[in-house]
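Novice: got a structure for you, letters missing:
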């Protein structure tokens, strides 16, 4: 197991490549999830166009 | 032959639920393929007789470098459709692809740098392939920055589409750079016309990782385009009919 993690002396390069890639994917998924959450919140606070047109925008 | 209405799903309202159904399939396939690919890449594939274990970076580097170019071409194609047909969804798809393209480009550069140090003795050189790939990163960042700089979404769509299309010239330059200029970066690892230069296990692992990257890019782009549709269509009546908008 130690031998596996040592990567024949190239641990820094190999794990640096795999680790940062995994981190970026996790961050991207969390960022898009947060964006969707924010967009849903924003949509709820927005008056639908059909209602706003019916009331002349006074809703 | 029954006529198929290709424009049916070109409306954001129609596409939003379809995209939602597709995400788990593409995301799930990407996760399974990535698990198999990493298992082959780190566990099964033999040690390279010249590079030792350092070559294992290839399983991330080559697929993400392919995707960085491919996503750009797809983004440019959606941009062309957006300009030609003035379709909102095409522009939204282009908008959704830019951040993922930028990240794929960054990963390709990052892993290439970590691979270059032990094999070439340097993290970076102003080699033709590396420089044109760096320009690709700046093109993606430029498209994202341009969109953020323009308040009106429809004007931003057109400006970003023009920039994306002009920048597409860089993709063949990246691809052929290793043939046109004899600088540091090596030639293609995989060719359809020549016998494979690498062991079958290595090639298999790399192709599986390429499919994983492809499916991941589709899944995350669909996920992001749904958020973009909600952002841009938040005044539309259909958005307010959605269960997730009503309930939360």
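Specialist: Everything's here; your move. Since this is a predicted model, take the numbers as computed values, not measurements.

Novice: Then residue A:47 would be within a helix, right?
Specialist: No. Counting by DSSP: H, G, I helix; E, B strand; the rest coil, residue A:47 is not part of a helix but coil.

Novice: What pLDDT is listed against it?
Specialist: What the model reports as pLDDT for residue A:47 is 84.

Novice: Neighbours of it, how many?
Specialist: The local packing of residue A:47 (other Cβ atoms under 10 Å in any protein chain shown) involves 15 other residues. (Each C-beta comes from the backbone N, C-alpha and C, glycine too.)

Novice: try residue B:202
Specialist: 22.

Novice: gap between it and chain A?
Specialist: 15 Å (Cβ to the nearest Cβ, to the nearest Å).

Novice: And what about residue B:190, helix, strand or coil?
Specialist: Following three-state DSSP, residue B:190 is assigned to coil.

Novice: which residues does residue B:54 contact?
Specialist: A:7-8, A:10, A:13-14, B:48, B:115, B:118-119 (Cβ atoms under 8 Å, 6 or more residues apart in numbering or on different chains).

Novice: cool, and residue B:60?
Specialist: Per Cβ under 8 Å, 6+ apart, neighbours of residue B:60: A:17-18, A:21, B:107, B:111, B:209.

Novice: try it again with 10 Å
Specialist: For residue B:60, the contacting residues are A:14, A:17-18, A:20-22, B:34, B:37-38, B:41, B:107-108, B:110-112, B:114-115, B:206, B:209, B:213, by Cβ atoms under 10 Å, 6 or more residues apart in numbering or on different chains.

Novice: same check, this time on residue B:69
Specialist: Per Cβ under 10 Å, 6+ apart, neighbours of residue B:69: B:101, B:104-105, B:108, B:132-133, B:136, B:170-172, B:174-175.

Novice: re earlier: could I have the buried ones of the contacts of residue B:54 as ChimeraX selection syntax?
Specialist: Here is the ChimeraX command that selects the buried residues among these (16 or more other Cβ atoms under 10 Å in any protein chain shown):
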select /A:7,10,13,14 /B:48,115,118,119
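
Novice: ok so, going back, show the buried residues in the contacts of residue B:69.
Specialist: Here, 16+ other Cβ under 10 Å leaves B:101, B:104-105, B:108, B:132-133, B:136, B:170-171, B:174 buried among the contacts of residue B:69.
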